[in-house]
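> Need a 3D model of the following:
(chains A and B)
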Amino acid sequence: MILIDVIRKDLRLHARDARFLATLLLFSASCVLILSVAFGPSFQDPAREAAATLWAALFFAGVLGLTRSLELEGESGGGDAVRLSGADPYAIFLGKTIANFLLLAGVFVFVLPIASVFFDVGDLEALPGVLGVAALTLLGYAAWGTLFAALARGLKARELLLSVLLFPSLVPLWIGAVKCTHALWSGGSIEPVGDWIKVIAVADVVGLALAAFLYEYIQEASE
Amino acid sequence: MILRANGIRKRFESRWVLRDASIELQSGECVLLQGANGSGKTTLAQILATLLAPDRGVVEFDGVPALQKRQATRRAIGFASHRPLLYPGLSPLENLSFFGRLAGVDGADTRAADLLARFGLTVFARTPVERFSRGMLQRVALIRALLPSPRLLILDEPYAGLDDEGTGTLNGLLSEANGRGAAILLVAHERERPGALVGRFCRMHEGAVESSS
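Numbering: from 1, shown residues only, chains lettered A, B, ... in the order given. Purely as a prediction, here's the structure:
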C-alpha cells in the first residue's frame, strides 16, 4: 500500500538522522525553557502561559521537521523519482502527512512533560483531553505543512518561504490549540471553548480536502 | 509508435534550450541521442520522461498526449538521469523495494534483489547509498529505472561511472528489454559502449534533433 510505504520510508529516514532528531528535540525543549524563564518565576496564569509555550514550541519545532522532510525529497532527486513512479499523488500526500503528523506527535510527547513540570500544570484527568486536542491540531498542522512544503519545493529560499507561507495559515490552529489546552489545564470544561474545536476540525478538513484537488498540480508546477 | 515528440520548445529564463525538437521511437528499437554539451539532450530527455513540461509542443505516448494520462505514462517509462533519483539515507534494497512498490511491481523485493545480484551489489544491498561510489550509485540508479520492466527506457548518460563489467551487465539487461519489445532512448557521448544494441543514431544541435541515421 502506497500510503504505508511512504510513511515507513519517511520515518525510517528521520530515525536514521540522529543529528536532526537531537536538534528537533533540543530546540523544542529550549523554547519551553526560555519561555518558562521569561514568564516566571511567579506565573500569573500558569495554565495559559504553559499552553501558549507548549504550542509555540511545537509550531516552531514543526517547521524544522517540515524543512527536513522537504530536504529529503530534494536530496539526490528522491522526490522526482516518486513523481515518476506514477503512484497516486494524493496517496503520497496522505503518506507524507501522516509521517509528519507522527513526527510532530513524537515531539509533543517529549515536550508535554517538560512544559508540565516547568509550569507546574496538568494532571492525569486532563491528559486524554489534551491528547485529543493535540491529535486534532497536529493533523491539521501536518496537512497544511505538507501542502506548503510541496509548494515551496521548487523555489529558491524554500525554507524561509515555507515559514512565511505556513504560519499565517496556522494561526486558527494555534489559537484553538492554546484556548482548548488552557481550558483543560485550568480544570474547567472544554465546552466554553468548544467552538475552537470546530475551528481546528474545519482547518483539518479544509487542508486535507484542498490537497485532494491541488497537491498533484502543486507538485508538478513547483518543478 | 510508442513515443512521438513534436515541436518541443523549452526556455530557461531568457534562453531557449530546445527549439522545435522532434523525435519518434518505435517499440523494440534502441536510439542513441548524441550532441555537444549544452545542446539540450538532458532537457529533452526530462521532457520525454514527463519530469519537465515543455513550453510548447506535444509529447505523445501510444498516440495519447503524455500529460493527459500522466500516471499511466509514467508507469510505462523507466528514467535514469545525471542525478541518482534515490534517497541517500536508504540502502539499495530499501530504495528499490520502495520505488518498485510505488510503481506497482509484483514481487518488487525479489526483482530488486535479482537485479542487484546481476550488478554485483548483493554484498552492499543493505548499506545506505550515501556511502556509495559514483559507479555503484549509477548501478542502483539504473536498476531503479529497469525495475518495473518499462515499455520505454530513457537513460541519460547511463554509462557514466560504469566500469567494463557494469557496462556489460547494463547492455545485457537493455538487450533483454529490447527483446521483449521495450523502446530505448540512450543519451550518451560514447558510440562504442552501447555497441550493437543501437539501431538508430540521432544528433542534437542547438536545441533541435538535427539528423537521424
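
> all contacts plus neighbour counts: C-alpha atoms, from now on.
OK.

> Low-confidence ranges, chain A, go.
A:222-223 (pLDDT under 70).

> interface residues of it facing chain B?
Proximity of chain A to chain B (Cα under 8 Å from any Cα of the partner chain) is limited to residues A:1-2, A:5-6, A:9, A:13, A:16, A:72-73, A:75-88, A:223.

> from those, which would you call buried?
Buried members of the residues of chain A next to chain B, scored by 16 or more other Cα atoms under 10 Å in any protein chain shown, are A:2, A:5-6, A:9, A:13, A:72-73, A:75-88.

> Please name every helix or strand in contact with the longest helix belonging to chain A.
Ranked by residue count, the top helix of chain A under DSSP state H comes out as helix A:89-119. Using 3 or more Cα pairs under 8 Å, 6 or more residues apart in numbering or on different chains; DSSP states H and E, the elements in contact with helix A:89-119 are helix A:2-15, helix A:18-39, helix A:46-74, helix A:127-152, helix A:194-221.

> tell me the angle that helix makes with helix A:194-221.
Per axes from the mean of the first three to the mean of the last three Cα atoms, to 10 degrees, the angle that helix A:89-119 makes with helix A:194-221 is 140 degrees.

> what residues does chain B put near chain A?
Residues of chain B lying close to chain A by Cα under 8 Å from any Cα are B:49-52, B:70-75, B:83-90, B:98-99, B:101-103.

> who's sitting farthest from the centroid in chain A?
Distance from the C-alpha centroid of chain A peaks at A:S42, with 29.8 Å (Cα atoms, centre = their mean).

> could you check the distance from that residue over to A:D120?
Plainly put, A:S42 is 11 Å away from A:D120 if you go by Cα to Cα, to the nearest Å.

> Equivalent analysis for B:R75, please.
56 Å.

> quick one: which of the two has more around it?
For B:R75 versus A:D120, the count of surrounding residues by other Cα atoms under 10 Å in any protein chain shown is larger for B:R75: 21 against 14.

> OK, contacts around the closest residue to the more buried one other than its chain neighbours?
Nearest residue to B:R75, sequence neighbours excluded (Cα to Cα, 6 or more residues apart in numbering or on different chains): A:G86, at 5.0 Å. By Cα atoms under 8 Å, 6 or more residues apart in numbering or on different chains, A:G86 lies in contact with B:R70, B:Q71, B:A72, B:T73, B:R74, B:R75, B:L102, B:A103.

> and the gap between the closest residue to the third one other than its chain neighbours and A:R153?
Same thing as B:A72. Leaving aside its chain neighbours, B:A72 sits nearest to A:G86 (6.4 Å; criterion: Cα to Cα, 6+ apart). Distance from A:G86 to A:R153, counting by Cα to Cα: 19 Å.

> Could you list the buried residues of the helix or strand containing B:L155?
B:L155 belongs to strand B:152-156 when assigned by DSSP states H and E. For strand B:152-156, burial by neighbour count (16+ other Cα under 10 Å) applies to B:L152, B:L153, B:I154, B:L155, B:D156.

> Export those to JSON lines and append columns for pLDDT.
Below are the buried residues of strand B:152-156 laid out as JSON lines (pLDDT from 0 to 100):
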{"residue": "B:L152", "pLDDT": "96"}
{"residue": "B:L153", "pLDDT": "96"}
{"residue": "B:I154", "pLDDT": "97"}
{"residue": "B:L155", "pLDDT": "96"}
{"residue": "B:D156", "pLDDT": "95"}
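
> how about TSV for these, with distance to A:W185 added?
Below are the buried residues of strand B:152-156 laid out as TSV (distance: Cα to Cα, whole Å):
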residue	distance to A:W185
B:L152	60
B:L153	60
B:I154	59
B:L155	60
B:D156	60
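
> what's the angle from the one helix or strand A:C180 maps to to helix A:46-74?
A:C180 belongs to helix A:158-185 when elements are defined using DSSP H and E. With the same axes, to 10 degrees as the basis, helix A:158-185 and helix A:46-74 are set at 150 degrees to each other.

> for helix A:158-185, which positions count as buried?
Neighbour-count burial for helix A:158-185, with 16+ other Cα under 10 Å as criterion, is recorded at A:158-159, A:161-163, A:165-167, A:169-170, A:172-185.

> before we move on, what about stretch B:162-182?
For stretch B:162-182, burial by neighbour count (16+ other Cα under 10 Å) applies to B:162, B:166-167, B:169-171, B:173-175, B:177-178, B:181-182.

> Check stretch B:123-136 too.
Using 16+ other Cα under 10 Å as the test for burial, stretch B:123-136 gives B:F124, B:A125, B:T127, B:P128, B:V129, B:F132, B:M136.

> Stretch A:32-39 now?
So for stretch A:32-39, counting by 16+ other Cα under 10 Å, buried means A:V32, A:L33, A:L35, A:S36, A:F39.
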